[in-house]
Structures are given as structure tokens and as C-alpha cells.
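Participant: please work out how this folds:
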Amino acid sequence: SLGSASRLLSFPSAASKTLPSLVAREMRRAGTNLDTMSLSWKVLPGKGKALQVFALAVPKEPMAKLVEALRVAGLTPSAMDLKPLALARAINQKDAIIAHVEADRLELAIVLGERLVLMRSVALGEETSPGGVAAHLSEELGRTLDFYSSAGREAPLEPSVPVYLTGDLAEAPDLAEAVTAATGRAIGKPEP
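Facilitator: Predicted structure coming up:
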């Protein structure tokens with residue numbers, strides 16, 4: 001995910017005229033360096049007294065290199081998507097925990113009510129054995145679920161929400177069993 005940072009922010013509806021500065025302030029407060037990152041945000045549809053805003057910051061340099069590579073290949077991108085966002089749409093479930101496992105990287109996403117509420121990207125380092133990847137995934141997934149639960153979110157993560165495994169190593173031996181043992185959650189079968 002190029003070292004991206006995302007946040008689901010909430011503001012009073014009266015703040016709609018000052019959203020650009022409020023979103024930037026909250027992203028800086030969360031540790032995002034807006035001098036080196038491009039910031040995009042969108043007000044999410046919904047009713048109520050608060051405005052829900054999805055904010056995303058992506059490092060400028062890697063993005064520029066990617067766009068340049070596409071240009072050299074004769075392609076002009078009209079839009080780009082981060083892997084967790086694309087996976088959330090591909091899984092197409094109202095509620096889901098997504099673990100995308102590759103040889104060197106792990107992408108985790110939590111979707112509730114068809115909204116991506118949390119995403120993380122973790123480097124796996126040198127560990128490439130199926131057992132090592134399963135242990136690392138189980139540890140990081142547990143850490144992510146604990147963080148989500150302890151953050152006092154208004155939408156709890158029900159125990160019935162399954163984990164969807166995707167990526168090059170999703171079919172690794174014993175991976176599904178290790179995830180179920182570590183989280184107590186069923187493994188869902190992606191049906192895009």
C-alpha cells in the first residue's frame with residue numbers, strides 16, 4: 001500500500017465548510033506528514049448529526065514513480081486503488097475481515113456495514129515458510145482485532161464475522177487452521 005495512512009474521521013455536520021482544514025489537521029495529529037504525502041478524502045453517505053469522512057494519505061514519491069512507470073509503458077492512469085480497498089470490494093460482503101497474504105507482505109482490512117473501517121500493511125520480513133507465515137499472520141491478525149476492539153468503536157466486531165484469506169499464500173498448508181485457532185473465527189470463502 002506504498003506506506004499509506006487512512007483514517008475514518010467524524011466531524012459535526014456544522015463543520016462542512018471547514019472540512020479541508022479539519023481533515024488535514026486530524027491527519028497531522030495522527031502522525032501523517034502532509035509535506036511528503038498526498039491527501040485525499042471523501043464524505044461518506046449517511047444520515048445523522050455527524051459527518052463521516054474517509055481520509056487517505058499516500059506518499060508522493062512512490063506514487064510519482066508508479067505513475068511514471070505507467071507513462072513509460074504508454075498507459076495513462078485515470079484512477080488507482082489501494083489493495084485493501086480493492087479487496088474489500090472484491091470480497092463484496094457487508095461485514096468481513098480480510099487477510100491478503102503474499103511472500104513478503106500482509107494486508108489486513110476490516111469491513112463493517114460495507115465500509116472499510118481499518119486497514120494495515122505489514123512487512124513479513126525473511127519468513128517465507130508456510131508455518132512461519134501462518135504464525136506471523138495469526139499474531140498480526142490478533143493484534144489488529146485487539147486494537148479494533150479496544151478502540152471503543154461504536155460498531156462492534158461480531159464473533160460471527162469470518163476471515164477471508166486472499167493472496168499468493170492464501171492456500172498455504174495449515175494457514176486456515178492456524179487463523180481459526182488464533183482468532184476463533186471461521187474462514188470465509190471469497191465469492192466476488
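
Participant: quick one: the helices in this protein?
Facilitator: 19-29, 60-72, 83-91, 130-150, 175-183 (DSSP state H).

Participant: minimum distance to A109: which of the ones you listed has it?
Facilitator: A109 sits nearest to helix 83-91 of all the helices of the chain, at 4.0 Å, using C-beta to C-beta. All C-beta atoms are positioned from the backbone trio N, CA, C, and that covers glycine.

Participant: any idea of the mean pLDDT for that closest one?
Facilitator: The pLDDT scores in helix 83-91 average 86.

Participant: ok so, going back, of all the helices of the chain, which one is nearest P45?
Facilitator: Comparing the helices of the chain under C-beta to C-beta, the one sitting nearest is helix 19-29, at 15.0 Å.

Participant: ok, residues contacting that closest one?
Facilitator: Helix 19-29 is contacted by residues 5, 7, 9, 11, 15, 34, 39, 41, 43, 51, 53, 55, 57 when judged by C-beta atoms under 8 Å, 6 or more residues apart in numbering.

Participant: which strand residues bridge the last one?
Facilitator: In this structure, A57 has the following beta-bridge partners (DSSP bridges): A5, L39.

Participant: returning to what we had before: now, the most widely separated pair of the contacts of helix 19-29?
Facilitator: Greatest spatial distance among the contacts of helix 19-29 (C-beta to C-beta): A5 and A15, at 21.2 Å.

Participant: ok, those two, which is more surrounded?
Facilitator: Set A5 next to A15 and count neighbours by other C-beta atoms under 10 Å: A5 wins out with 19 against 15.

Participant: got the contact list for L124?
Facilitator: 102-106, 133, 136.

Participant: just the buried ones from these, in ChimeraX syntax?
Facilitator: Command for ChimeraX that selects the buried part of the contacts of L124, burial taken from 16 or more other C-beta atoms under 10 Å:
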select :105,106,133,136
